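Asks: Here is my input, please return the structure:
(2 chains)
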Number of protein chains: 2
Amino acid sequence: MKVIISKLVLSVFLVCVCSSMVFSQNSKDQGNFVMVIHGGAGTILKSQMTPEREKAYKETLTQALQTGYDKLKKGESSLNAIEATVRIMEDSPLFNAGKGAVFTNEGKNELDAAIMDGKTLMAGSVAGVTTIKNPITAARAVMEKSEHVMMVGSGAEKFARESGVEIVDPKYFWTKSRWDALQAIKKEDSTKTELDHGNKKSMKLGVENRDHKFGTVGAVALDLNGNLAAATSTGGMTNKKYGRVGDAPLIGIGTYANKNVGISCTGWGEFFIRNVVAYDVAALMEYKGLSVNDAAEEVVMKKVPALGGDGGLIALDKKGNVSMPFNTAGMYRGTVTKDGRIEVFIYKD
Amino acid sequence: MKVIISKLVLSVFLVCVCSSMVFSQNSKDQGNFVMVIHGGAGTILKSQMTPEREKAYKETLTQALQTGYDKLKKGESSLNAIEATVRIMEDSPLFNAGKGAVFTNEGKNELDAAIMDGKTLMAGSVAGVTTIKNPITAARAVMEKSEHVMMVGSGAEKFARESGVEIVDPKYFWTKSRWDALQAIKKEDSTKTELDHGNKKSMKLGVENRDHKFGTVGAVALDLNGNLAAATSTGGMTNKKYGRVGDAPLIGIGTYANKNVGISCTGWGEFFIRNVVAYDVAALMEYKGLSVNDAAEEVVMKKVPALGGDGGLIALDKKGNVSMPFNTAGMYRGTVTKDGRIEVFIYKD
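Replies: Below you'll find the model as predicted:
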């Protein structure tokens, strides 16, 4: 058994090393990708990662890509592919979405997700839901089984239940590592509040440590019929208060797809909202004629940092060109080409 | 007393007649407007309007414009002007925002609002709030007193209370006309459900009569320093279910402002979301060099109807050019120029 595991570790390691040798990082217009995914951008440093943890991330990213690829290869729609792919990441405790969602200040797991079909511009999203096992499937139900685009809170949960989406006890989302993270942040916050006590009035309500803002999963796919679709799912921000909604469930902000391009974002949501990031990439391509990589880089590497924000995005155009820019230390991400070659990455270099 | 009222009616009537004589309806680039407002687009037909009701709408639109204009004239910011202007419309039972908000399926008044500062790209919004007297003031508090952009439900209400925003009993929002409208729609829906009974499974959940989707207020202003700001506030859709969120509280969708243009939308929210309407107007201007009027017309008269949606928007550019396109029978709307000339309109012609 040990031998098998060791071999598995070695082979995954070799795949990764080989991948990074043949693959240019912020890949320019190669034109043969059929799916791109992310598992969140943020302060992901090699120095803070164990080999076991790194392996687990890469295996799940690979599994997610393989799942979507299998559907695309069979001729299924890009919508089917991204939903299946995002569900793999939602079901993994590694990512801040579904099962691995972070905790709010009140100790709850509040989930958001959005999906958009580039062919029809149909879209669906849910925000602040606590009992839906796979929020991306609920978002798709909103898109396909209602006349609405966005539903929040208990209303969204009622709709999901009536639409046959799997409901779970909120306890399903409890994970030790996320719970411990909440306790650590609360302790940090109380220390900060004590330190700031003398100048309390100048403090903004709802101030959070920026490193707690990150963590989202997303996928964009191009199917055999040339149709694009994009999806994003998140557990939001550790210790979030006041019913805050980030960019992930907002169409045109964290998620967007049309006939030219599909985009899914991850980062400091407030800056992504103010920059209308996903649609801005699409608009720069359509109205200014920029390539997907130039458009994505313009927004993520210039416009978002200009306001003080950070994060990343994945984008895939109708010709199969991919872009995965991020201005943070790392972003869990990966691609699969039309011949089935899977490549996954974590750090900048 | 009667004589005074008659004179007032006559003078308001004359002002309106004169206004429509000197003012080209979908005003092209006159370049001297400092504020534009709307009170919702929809099936507003002259044949269904009484002279008293028409007068009341025009008086409130005039009062709202005058309030904002007085602030702009004194050198106050466009943010101050639009907040004060929207509050007038929120406090009036005539418009579907604040006091005149429509009822949800559960008999509640759930309010949404958003505000954006074109100079800084700061933005704030609240959605699904039931106890905040002026949601636009809560949206401004989110923008200025938190690090967040969007807050929903009870969390947003908690933040508003802590920020000193006026809280009211939910009963404050009860109005007879909106309550009667809900009962009429529910009766209509139950008849429809009965008729559709044999084919129930094919019905989409959450289907609503499109005429119940409309009603929003909004304002865009240009201050003496050349800064633009935009605001939108709404009570949503009569008989809405499942925690549906429309376009109004979504930055880049129903509300957007940058250094070039400010936009506030009203219409069938789902289609405005799928078209990322407000930011699309801004992008067409910035990236394709379109005038504010050409950009606004392109989106409202072509792109939104192409998907099957309807509604309207108001837009004001940095040079004081205004555009107010709508593809519905009517849109409550008005403008004020830098010399204080106020003009208000309801119908298409």
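Asks: Next, count neighbours for the residue lying closest to residue A:261 once chain neighbours are set aside.
Replies: Here the nearest residue to residue A:261 in space, its sequence neighbours aside, is residue A:317; by Cβ to Cβ, 6 or more residues apart in numbering or on different chains that works out to 4.7 Å. Quick note: C-beta positions are derived from backbone N, CA and C, even for glycine. Counted by other Cβ atoms under 10 Å in any protein chain shown, the residues lying close to residue A:317 total 26.
Asks: can you list the residues of the stretch 201-349 of chain A near chain B?
Replies: A:204-208, A:241-246, A:250-253, A:256, A:269-270, A:273-276, A:279-280, A:283-284, A:287-288, A:307 (Cβ under 8 Å from any Cβ of the partner chain).
Asks: Measure how far stretch A:90-107 is from the centre of its chain, please.
Replies: 12 Å (Cα atoms, centre = their mean, to the nearest Å).
Asks: first to last residue in that stretch, what's the distance?
Replies: For stretch A:90-107, the first and last residues are 19 Å from each other (Cα to Cα, to the nearest Å).
Asks: Point me to the helix or strand that includes residue A:64.
Replies: helix A:51-73 (DSSP states H and E).
Asks: Could you do residue A:316 as well?
Replies: Per DSSP H and E: residue A:316 is located in strand A:311-317.
Asks: From the residues of the stretch 201-349 of chain A next to chain B, keep the buried residues only.
Replies: A:205-206, A:208, A:241-246, A:250-253, A:256, A:269-270, A:273-276, A:279-280, A:283-284, A:287 (16 or more other Cβ atoms under 10 Å in any protein chain shown).
Asks: Keep only those of those that are in strands.
Replies: Members of these lying in strands (criterion: DSSP state E): A:244, A:245, A:256.
Asks: Which residue comes closest to the first one once chain neighbours are left out?
Replies: It stands for residue A:244. In space, residue A:244 is closest to residue B:148, 4.7 Å off (Cβ to Cβ, 6+ apart).
Asks: In three-state terms, label that neighbour for me.
Replies: Three-state assignment for residue B:148 (DSSP: H, G, I helix; E, B strand; the rest coil): coil.
Asks: Was I right to think it contacts residue B:142?
Replies: Yes: applying Cβ atoms under 8 Å, one finds residue B:148 in contact with residue B:142, separated by 6.0 Å.
Asks: what's the overlap in contacts for those two?
Replies: By Cβ atoms under 8 Å, 6 or more residues apart in numbering or on different chains, residue B:148 and residue B:142 have these common neighbours: residue B:124.
Asks: got the contact list for residue A:326?
Replies: A:41, A:266, A:267, A:300, A:311, A:312, A:313, A:333, A:348.
Asks: ok, and the most crowded of those?
Replies: Taking other Cβ under 10 Å as the neighbour criterion, residue A:266 ranks highest of these with 33 neighbours.
Asks: Spell out which helix or strand contains that residue, please.
Replies: Residue-wise, residue A:266 maps onto strand A:261-267 under DSSP H and E.
Asks: Just the CA trace of that strand, in CSV.
Replies: Provided in CSV are the C-alpha atoms of strand A:261-267 (Å, rounded to 0.1, in the frame of the first residue of the first chain):
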residue,chain,number,x,y,z
VAL,A,261,-15.2,35.0,-23.7
GLY,A,262,-15.9,33.4,-20.3
ILE,A,263,-14.5,34.8,-17.1
SER,A,264,-14.4,33.7,-13.4
CYS,A,265,-12.7,35.9,-10.7
THR,A,266,-11.2,35.4,-7.3
GLY,A,267,-9.9,38.2,-5.1
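Asks: From chain B, how far out is the residue nearest to residue A:261?
Replies: 17 Å (Cβ to the nearest Cβ, to the nearest Å).
Asks: Next: residue A:291.
Replies: Distance from residue A:291 to chain B, by Cβ to the nearest Cβ: 14 Å.
Asks: and that residue, how many neighbours?
Replies: Residue A:291 has 16 nearby residues by other Cβ under 10 Å.
Asks: What segments of the stretch 201-349 of chain A are helices?
Replies: A:269-274, A:277-288, A:292-297, A:304-306 (DSSP state H, counting those that start in this stretch).
Asks: Skipping adjacent residues, who's closest to the residue of the stretch 51-200 of chain A found nearest chain B in space?
Replies: Closest residue of the stretch 51-200 of chain A to chain B, Cβ to the nearest Cβ: residue A:155 (2.5 Å). Among residues not flanking residue A:155 along the chain, residue B:243 sits closest, at 2.5 Å (Cβ to Cβ, 6+ apart).
Asks: ok, that neighbour - contacts?
Replies: Neighbours of residue B:243 in contact, by Cβ under 8 Å, 6+ apart: A:151, A:152, A:153, A:154, A:155, A:156, A:158, A:159, B:128.
Asks: is it true that the first one touches residue B:246?
Replies: No: applying Cβ under 8 Å, one finds residue A:151 not in contact with residue B:246, separated by 10.9 Å.
Asks: who touches both of these two?
Replies: Common neighbours of residue A:151 and residue B:246 (Cβ under 8 Å, 6+ apart) do not exist.
Asks: what angle sits between the helix or strand harbouring the residue of the stretch 51-200 of chain A closest to chain B and helix B:153-162?
Replies: Assessed by DSSP H and E, residue A:155 sits inside helix A:153-162. Taking axes from the mean of the first three to the mean of the last three Cα atoms, to 10 degrees, helix A:153-162 and helix B:153-162 form an angle of 180 degrees between their directions.
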